[in-house]
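**Q** Have a look at this fold, sequence not included:
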């Protein structure tokens with residue numbers, strides 16, 4: 001199993017679902033973003049998801065866009081991602097995925113990006129804006145260096161699209177809870193539960209749900225049927241408003257929702 005699969009399996013063996021915490025790299029500055037990632041790992045996150053800032057973040061909500069724009073304005077460069085990864089992975093055992101738009105990977109060079117990501121201790125990529133049929137070079141590079149590749153499935157995905165995503169994803173499939181951009185929502189779309197059931201019927205082994213999850217109750221609801229809950233905006237808000245202390249408190253609160261009373265369907 002990959003490190004991501006091992007983390008999901010370890011949480012399941014402990015009677016929990018996994019908490020996956022997202023933060024942008026370089027916000028509010030590179031040093032603090034490193035400490036923030038370590039804070040997530042030390043306070044209950046099972047997997048870290050780090051987002052390199054990008055100038056055209058089409059999937060990100062307002063709060064994350066503000067954070068990434070601040071990081072870019074402060075001088076973030078792609079090489080800073082690998083600097084951050086090296087330190088984070090040297091300090092914690094929690095695996096780290098990078099969630100990146102595709103253009104920065106192309107500009108950096110696909111094989112070079114894969115090599116540097118693996119060398120820095122990264123576990124793989126989540127790629128929100130590239131589909132498996134367009135990702136042949138990345139699939140080959142990830143296989144060569146042993147990185148996970150996480151593609152997205154949405155409620156609008158056809159059965160044929162789901163099968164393609166499931167066949168080409170490793171680690172887990174990123175299950176989009178509702179159509180739209182990232183952000184906190186009072187209620188999660190019931191489409192997520194239906195989508196995960198559809199994915200299981202097509203052979204998905206691991207499915208983690210993201211977009212809109214912002215509190216422990218929502219984490220618990222998602223983990224009734226999914227392997228992991230992905231939280232981003234609520235953690236970025238906690239870091240912005242409360243610093244590292246506030247981030248640690250928010251992570252612990254979210255992690256309290258991961259304990260299960262029953263196994264997930266299909267496990």
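**A** Received, thanks. Everything quoted here is computed from the prediction, not taken from an experiment.
**Q** where along this protein do the helices fall?
**A** 3-13, 30-42, 62-73, 78-91, 102-108, 110-119, 136-145, 159-168, 191-201, 216-222, 233-255 (DSSP state H).
**Q** quick one: the second one to helix 233-255, angle?
**A** Calculated by axes from the mean of the first three to the mean of the last three Cα atoms, to 10 degrees, helix 30-42 forms an angle of 30 degrees with helix 233-255.
**Q** So which residues make contact with helix 30-42?
**A** Contact partners of helix 30-42, identified using Cβ atoms under 8 Å, 6 or more residues apart in numbering, comprise 21, 23-27, 48, 50, 71, 74, 76, 80, 83-84, 87-88, 91-94, 96, 235, 239, 244, 247-248, 251. C-betas here are computed from N, CA, C, even on glycine.
**Q** Make a ChimeraX selection of the buried ones in these.
**A** Remark: buried members of the contacts of helix 30-42, expressed as a ChimeraX selection using 16 or more other Cβ atoms under 10 Å:
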select :21,23,24,25,26,27,48,50,71,76,80,84,87,88,92,94,96,235,239,247,248,251
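**Q** sorry, back to before: go through the helices of the chain and name the closest to residue 176.
**A** Closest to residue 176 of the helices of the chain, according to Cβ to Cβ: helix 191-201, at 7.7 Å.
**Q** centre of the chain versus that closest one, how much separation?
**A** 19 Å (Cα atoms, centre = their mean, to the nearest Å).
**Q** which other helices and strands contact it?
**A** helix 159-168, strand 173-176, strand 207-210 (3 or more Cβ pairs under 8 Å, 6 or more residues apart in numbering; DSSP states H and E).
**Q** what inclination does the first one have with respect to helix 136-145?
**A** Going by the same axes, to 10 degrees, helix 159-168 is angled at 30 degrees with respect to helix 136-145.
**Q** for helix 159-168, which positions count as buried?
**A** 161, 162, 164, 165, 166, 168.
**Q** ok, now stretch 96-113?
**A** Buried residues in stretch 96-113 (16+ other Cβ under 10 Å): 96, 97, 98, 99, 100, 101, 102, 105, 108, 110, 113.
**Q** for the record, mean pLDDT for that stretch?
**A** Summarised as a single mean, pLDDT over stretch 96-113 is 96.
**Q** so where is the stretch 101-250 of the chain shaky, pLDDT-wise?
**A** The model of the stretch 101-250 of the chain has pLDDT under 70 over residues 178-189.
**Q** one step back: make TSV from the helices of the chain and add distance to residue 152 to it.
**A** Formatted as TSV, those follow (distance: least, Cβ to Cβ, whole Å):
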stretch	distance to residue 152
helix 3-13	15
helix 30-42	22
helix 62-73	16
helix 78-91	20
helix 102-108	12
helix 110-119	19
helix 136-145	14
helix 159-168	7
helix 191-201	11
helix 216-222	16
helix 233-255	17
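**Q** Minimum distance to residue 126: which of those has it?
**A** Of all those, helix 3-13 comes closest under Cβ to Cβ, at 10.2 Å.
**Q** for that closest one, packing partners?
**A** On a contact count with 3+ Cβ pairs under 8 Å, 6+ apart, helix 3-13 meets strand 18-24, strand 47-51, strand 148-150.
**Q** partners of the closest residue to residue 152 other than its chain neighbours in the sheet?
**A** Leaving aside its chain neighbours, residue 152 sits nearest to residue 174 (4.7 Å; criterion: Cβ to Cβ, 6 or more residues apart in numbering). Note on residue 174: beta-bridge partners by DSSP bridges are residue 152, residue 208.
**Q** Verify the stated contact: residue 174 with residue 126.
**A** Yes - in this structure, residue 174 is within contact of residue 126 by Cβ atoms under 8 Å, at 5.7 Å.
**Q** Name the residues contacting each of these two.
**A** Common contact partners of residue 174 and residue 126 (Cβ under 8 Å, 6+ apart): 150, 152.
**Q** Against residue 257, how distant is the closest residue to residue 149 other than its chain neighbours?
**A** Nearest residue to residue 149 in three dimensions, chain neighbours excluded: residue 142, at 4.7 Å (Cβ to Cβ, 6+ apart). For residue 142, the distance to residue 257 (Cβ to Cβ, to the nearest Å) stands at 31 Å.
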